Each structure stands twice: as structure tokens, then as C-alpha cells.
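[1] 3D, please:
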Amino acid sequence: MRASLCFAIVVAFGCGEAAPPPAKTPVTPEVANASAAALPAPNGTVRRSDVRQVLSAGLGTFLQSVTLDVEHPVFRDGHFVGFRIVQTNGWPPNIDLKAGDVVTAVNGYPVEHPEQAQQAFLSLAVASELRVDFERDGQPRSLRLAITDD
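    Prediction:
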């Protein structure tokens, strides 16, 4: 489930320009080789097939990509807030979660207890996005990745 955060890609088509002249040599479109590696998902998205792969590997395998300080949960005014990220292990640099961030919820599910984390993880099977709510320097933030069908 390696995906990048949202970056807008704007493709501009020339307005009012003349159409390009027809090609002098016929061009035959090529069909992509089925054995070729799939292109990466566009920034801000994750492919449904990647989500299925992560789900089939299990929550334990997924949690190997991040180290959380589960021994010292973050509390505020006597209420659970979340778990602090100690280290990200091999995440792409464009993922906007880093050491020190406090994960508060995943897809709207709190993550205080293991069964809540499991429920959040399993919710991805039918979710249209992956949303991680977290705090950075005490300020609430959200990471959102659309889950696209492929």
C-alpha cells in the first residue's frame, strides 16, 4: 500500500490553436504487454488491488511498515488521544506521516484497542478512501488517499 499524497496534475490543452497536421506515416498503436509492471497509482490514490494485497497479508504485516509507541499511548485530560509514530520503515518520502505524529483514527475508527485497529483495517476492503487522522505538534491533520478500482 505504497502511495503518495495528493499533488494536483493539470493537463492544459491549447485553446484556439490550430489542429496539428496529420501524421505523414501511419502510426499503429501498441498494446501494453500484460507482463509489464503496472504503472504506479496516481499521487493521492491507492489501487484497490494494492489494498486487497495488504488486507490478505494481515494487520501484523502492515504494521511492520510503521513503529508505534504502544507502551506509551498519548492521553490528554485523562482521555486517550492516539499512538505516537516512532519510526516509518520504508515508506515513500511523499507520505505525510512522520516520527512524532500521533495517529488518532483510521477511516473514522479510533485505534485505542486492538479490536478497533482491526476493524479500521478491515474497513478498507470496501472503503472509497484511506483516511488517517493524526496530530502534528498538537494540531489536527488528515492524510487522505482515494482508493481507485483497477
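[2] how many residues are close by D149?
    D149 has 7 neighbouring residues, counting by other Cβ atoms under 10 Å. C-betas here are computed from N, CA, C, even on glycine.
[3] excluding its backbone neighbours, what's nearest V111?
    Spatially, and ignoring its direct neighbours in sequence, V111 is nearest to A117 (4.8 Å; Cβ to Cβ, 6 or more residues apart in numbering).
[4] find me the pLDDT at the one you found, would you?
    Looking at A117, its pLDDT stands at 90.
[5] before we move on, what about D96?
    84.
[6] can you name the helix or strand that it falls in?
    Using DSSP states H and E, D96 is not contained in any helix or strand.
[7] R141 too?
    R141 belongs to strand 139-148, assigned by DSSP H and E.
[8] quick one: strands adjacent to that strand?
    Using DSSP bridges, the strands paired with strand 139-148 in its sheet are strand 45-47 (parallel), strand 129-136 (antiparallel).
[9] how about that strand: buried residues?
    For strand 139-148, the neighbour count (16 or more other Cβ atoms under 10 Å) marks L143, L145, A146, I147, T148 as buried.
[10] wait, D150 touches V51, no?
    No. Using Cβ atoms under 8 Å, D150 is not in contact with V51; the gap is 10.2 Å.
[11] so these two - more neighbours on which side?
    Taking neighbours as other Cβ under 10 Å, D150 and V51 compare with V51 leading, 20 against 10.
[12] ok, and the closest non-adjacent residue to the more buried one?
    L124 (5.3 Å).
[13] count the neighbours of that neighbour for me.
    Neighbours of L124 using other Cβ under 10 Å come to 20.
[14] who touches it in this structure?
    If a contact means Cβ atoms under 8 Å, 6 or more residues apart in numbering, then L124 has V51, V54, L55, N107, L130, I147 as its contacts.
[15] try it again with 7 Å
    Residues near L124 by Cβ atoms under 7 Å, 6 or more residues apart in numbering: V51, L55, N107, L130.
[16] just the strands paired with strand 139-148: most buried one?
    Stretch with highest mean neighbour count among the strands paired with strand 139-148: strand 45-47 (a mean of 20; mean count of other Cβ atoms under 10 Å).
[17] residues of the helix or strand bottoming out on mean pLDDT in the chain that come out buried?
    When the helices and strands of the chain are scored by mean pLDDT, DSSP states H and E, helix 59-62 comes last with a mean of 84. Across helix 59-62, burial judged by 16+ other Cβ under 10 Å covers no residue at all.
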